[in-house]
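1. coordinates for the following, if possible.
(one chain, ligands or ions: 2)
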Amino acid sequence: MNIAVIGMGAVGMFVAHHLARIGLDVTGYVRREEQRIELEKNGIQLDGERIHIPVYSYTDLSAQHDYHIIATKKTANETLYPYFKKLNASSYLVFIQNGITNAQELRNLQAKVFIGVFDHGITRYGNDKIQQKGAGRLSLGSLGDEQEASVNKFVTQIDDPKFPVFFEKNIQSRQAEKMVINCVINPLTALFECFNGEILKNPYLKQLAKKLNEEACQALNIPTEEMWQRTLAICEKTARNKSSMLADIQSGKRTEIDYLNGYLVNHFPGNVPTHETITLLVKAKEIIHKD
Ligand SMILES: NC(=O)C1=CN([C@@H]2O[C@H](COP(=O)(O)OP(=O)(O)OC[C@H]3O[C@@H](n4cnc5c(N)ncnc54)[C@H](OP(=O)(O)O)[C@@H]3O)[C@@H](O)[C@H]2O)C=CC1
Ligand SMILES: CC(C)(CO)C(=O)C(=O)O
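-> Ligands and ions are numbered 1, 2, ... in the order given. As a prediction, the model looks like this:
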């Protein structure tokens, strides 16, 4: 089995490291030549353990892999779609990004699609080092029933005690729940430049978080109190993690706000006023940090 991991950031390096450690044939794909050279030279370093894998530019992406795990931010998808369109019907694309999958976009692809929900907390240092700041799981499923057997087969091949992977029949519900968690934790930690655990300690941040949770749950038709407890549990589990949105703000990159809170604003106009305000605040901060 041959696996490509596209995007060697916090999540991509974590996944590639684990899959290579259990003996699978893994290739990494990156955007920058500087990172490619460093990864080839130093390997991926997780908790002091280095693992070397071959690394190429995403422009060299081809159909030679059985599975293609997409671990970039959603902001990179537009650049990557032309490459995904070249993949044939015998390859699989495994999206493990935050946010809701755009099923419309996927219709133009020949490759079969799996959807993942990843809830570990991973922090990246430079081009080749990562640390796990909160243990979670990877849940995988498909949008239609016909791919279920293939998802199950893949799950069995990659599951490992150090990297638990589960088949999830109702992956769209799990994705919506994870979306709520990200619409609460990510913008608040990005705006206030704090670790995820700060939301539990600061009563005003917690109040804002509760409001964001409530609006998102009402929009997405998810039980509010149950979801609030799960969001708090993720804050606790990943308390010392820097959220992926804070990492983007601090490195002057465009965030995933349009795919998280911005998605809610677009799909439920007038019903999510706190998300509307928070989206504008994050966008304003993106500009300030770019300059
Ligand atoms: N970090 C976390 O704890 C968690 C993150 N997530 C989600 O996982 C996804 C990935 O997040 P994360 O790993 O944190 O993000 P990172 O920014 O750390 O990693 C994304 C990587 O993708 C690379 N990239 C961008 N464009 C391309 C391209 N065209 N081809 C190949 N690589 C490209 C970036 O390159 P460059 O370095 O050059 O910018 C970067 O290395 C996001 O959707 C995030 O929301 C989900 C759960 C937890
Ligand atoms: C789980 C969490 C909140 C971990 O930080 C995450 O998904 C992210 O940072 O994007």
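
2. next up, the contacts around Leu260.
-> Remark: with contacts taken as Cβ atoms under 8 Å, 6 or more residues apart in numbering, Leu260 is in contact with 98-99, 179, 182-183, 186-187, 245. Any C-beta I mention is one placed from the backbone N, CA and C, and that applies to glycine too.

3. output those residues in a markdown table; the columns should cover pLDDT, distance to Ala233 and secondary structure.
-> Compiled in a markdown table, the contacts of Leu260 are given as follows (pLDDT from 0 to 100; distance: Cβ to Cβ, whole Å; DSSP: H, G, I helix; E, B strand; the rest coil):
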| residue | pLDDT | distance to Ala233 | secondary structure |
| --- | --- | --- | --- |
| Asn98 | 97 | 17 | coil |
| Gly99 | 96 | 20 | coil |
| Met179 | 98 | 16 | helix |
| Asn182 | 98 | 14 | helix |
| Cys183 | 98 | 16 | helix |
| Asn186 | 98 | 16 | helix |
| Pro187 | 98 | 19 | helix |
| Met245 | 98 | 19 | helix |
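
4. dump these to CSV, plus distance to Val113 and neighbour count.
-> Below are the contacts of Leu260 laid out as CSV (distance: Cβ to Cβ, whole Å; neighbours: other Cβ atoms under 10 Å):
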residue, distance to Val113, neighbour count
Asn98, 16, 23
Gly99, 15, 20
Met179, 18, 22
Asn182, 20, 23
Cys183, 23, 32
Asn186, 24, 26
Pro187, 28, 30
Met245, 25, 27
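
5. how about the residues you listed in a markdown table, adding distance to Ala63?
-> As requested, those are arranged in a markdown table below (distance: Cβ to Cβ, whole Å):
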| residue | distance to Ala63 |
| --- | --- |
| Asn98 | 27 |
| Gly99 | 26 |
| Met179 | 31 |
| Asn182 | 31 |
| Cys183 | 35 |
| Asn186 | 34 |
| Pro187 | 37 |
| Met245 | 33 |
